[in-house]
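A.B. asks: No letters, just coordinates:
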DNA sequence: TATTGTTATACTCTATAACTATA
DNA sequence: TATAGTTATAGAGTATAACAATA
């Protein structure tokens, strides 16, 4: 990610070189939303790269992790929790079910709904993926010490806590 | 966003009601990336709603604000700064130019590149939009006091500062 | 009549390849 | 040959409408 030939930049025309004086982003950098997005798009490629070995996208990891912690929830609750529309969740679950990672079973009490559980394989993959995610955490937030990381998470959660 | 009939929830079956016991998200909530995303998708709909009256998407606002602070940059530098590929930036700028908000002008020193500036109308809209964004800031971060908001921004920037 | 979930489809965003014009 | 920008297109992600099954 870092420039590979920093020493050469000074030899180039500052007005046309790629490493020209950094842009003034002071207004944007004063907005929490912009900073959240920048931090998010810095972390996500690292996360996606590590999840690729499990063939899991971030949203797939989210589903597995939620099903591990909340077995037997139905699709409606899961849909709301992860902000994925029911039609899109249906196809997402189709893929995970075809890979034998999750199971849908009709709820005998209300046969309209389906309860979701991880298969044994799904549970095993989820445990490994969560371990990988925890390791990534350290890499992604290496500029922060433990107290700062905890503080950051606390502050972010204050913004969306009412929607949990 | 808040439930409209909270009193009724207790009358419903806790296992099937929409307001059933909140999901256990403890693993996900320990990840900075997940928290960034949740905070981001909490703030953005508010932001988009307020920018709609200017017919600006978030990325359009970003472009206008950067051109206001950095007149005469070329598309390559803008492309890198906002993480939008050159082809997609071209069509984005087509729209803004058709609306008479920005101007592209060939650089006489290197006629391959184009320098970008806001038009008078673009400048006027940008000033108003930035004011709106600043007002939204207070609403979006109402759960934080001034010190906390400043702290949050500082911590987020530590994550992506090396990519600036 | 309302709800859960599905299918089909459309729309937006993002990514890539091939091209023009300039250097 | 390399670079700035464009055009065209493909893909992923997201949103919506209409439907089946069940209550």
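C.D. replies: Received, thanks. Predicted model only: the values in this text are computed from it and were never measured.

A.B. asks: In three-state terms, label residue A:112 for me.
C.D. replies: Following DSSP: H, G, I helix; E, B strand; the rest coil, residue A:112 is assigned to strand.

A.B. asks: cool, and the one 5 residues further on?
C.D. replies: Residue A:117 carries the three-state label strand when classified by three-state DSSP.

A.B. asks: what about the strands in chain A?
C.D. replies: Along chain A, the segments classed as strands by DSSP state E run A:73-74, A:102-107, A:110-118.

A.B. asks: Any residue of the last one touching chain B?
C.D. replies: Yes: using Cβ under 8 Å from any Cβ of the partner chain, we find that strand A:110-118 touches chain B at A:110, A:113. No exception for glycine: its C-beta is placed from N, CA and C like everyone else's.

A.B. asks: That strand relative to strand A:102-107, how many degrees between them?
C.D. replies: Going by axes from the mean of the first three to the mean of the last three Cα atoms, to 10 degrees, strand A:110-118 is angled at 160 degrees with respect to strand A:102-107.

A.B. asks: What strands flank strand A:110-118, and is each parallel or antiparallel?
C.D. replies: strand A:73-74 (antiparallel), strand A:102-107 (antiparallel) (DSSP bridges).

A.B. asks: Does it reach DNA strand C?
C.D. replies: Yes: residues of strand A:110-118 are located near DNA strand C by Cβ under 7 Å from any atom of the strand, namely A:110, A:112-114.

A.B. asks: any chance of the strands of chain A in JSON lines, plus mean pLDDT?
C.D. replies: JSON lines is the format used below for the strands of chain A (pLDDT from 0 to 100):
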{"stretch": "strand A:73-74", "mean pLDDT": "98"}
{"stretch": "strand A:102-107", "mean pLDDT": "97"}
{"stretch": "strand A:110-118", "mean pLDDT": "97"}
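
A.B. asks: looking at the ones you listed, which is buried most?
C.D. replies: Across the strands of chain A, averaging neighbours per residue (mean count of other Cβ atoms under 10 Å in any protein chain shown) puts strand A:73-74 on top, at a mean of 20.

A.B. asks: do it and DNA strand C meet?
C.D. replies: Yes: for strand A:73-74 and DNA strand C, the contact criterion (Cβ under 7 Å from any atom of the strand) is met by residue A:74.

A.B. asks: what's in contact with that strand?
C.D. replies: Contact with strand A:73-74 is made by A:66-67, A:107, A:113-116, B:16, B:23, as judged by Cβ atoms under 8 Å, 6 or more residues apart in numbering or on different chains.

A.B. asks: who are the neighbours in contact with residue A:41?
C.D. replies: B:83, B:160.

A.B. asks: where are the low-confidence patches of chain A?
C.D. replies: A:1-19 (pLDDT under 70).

A.B. asks: Can you tell me which residues in it are near DNA strand C?
C.D. replies: Going by Cβ under 7 Å from any atom of the strand, the residues of chain A near DNA strand C are A:74-76, A:79, A:86-87, A:89-91, A:93-94, A:104, A:110, A:112-114.

A.B. asks: that older thread, can you put the contacts of strand A:73-74 in JSON lines and add distance to residue B:153?
C.D. replies: As requested, the contacts of strand A:73-74 are exported to JSON lines (distance: Cβ to Cβ, whole Å):
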{"residue": "A:66", "distance to residue B:153": "30"}
{"residue": "A:67", "distance to residue B:153": "35"}
{"residue": "A:107", "distance to residue B:153": "45"}
{"residue": "A:113", "distance to residue B:153": "43"}
{"residue": "A:114", "distance to residue B:153": "43"}
{"residue": "A:115", "distance to residue B:153": "42"}
{"residue": "A:116", "distance to residue B:153": "38"}
{"residue": "B:16", "distance to residue B:153": "41"}
{"residue": "B:23", "distance to residue B:153": "29"}
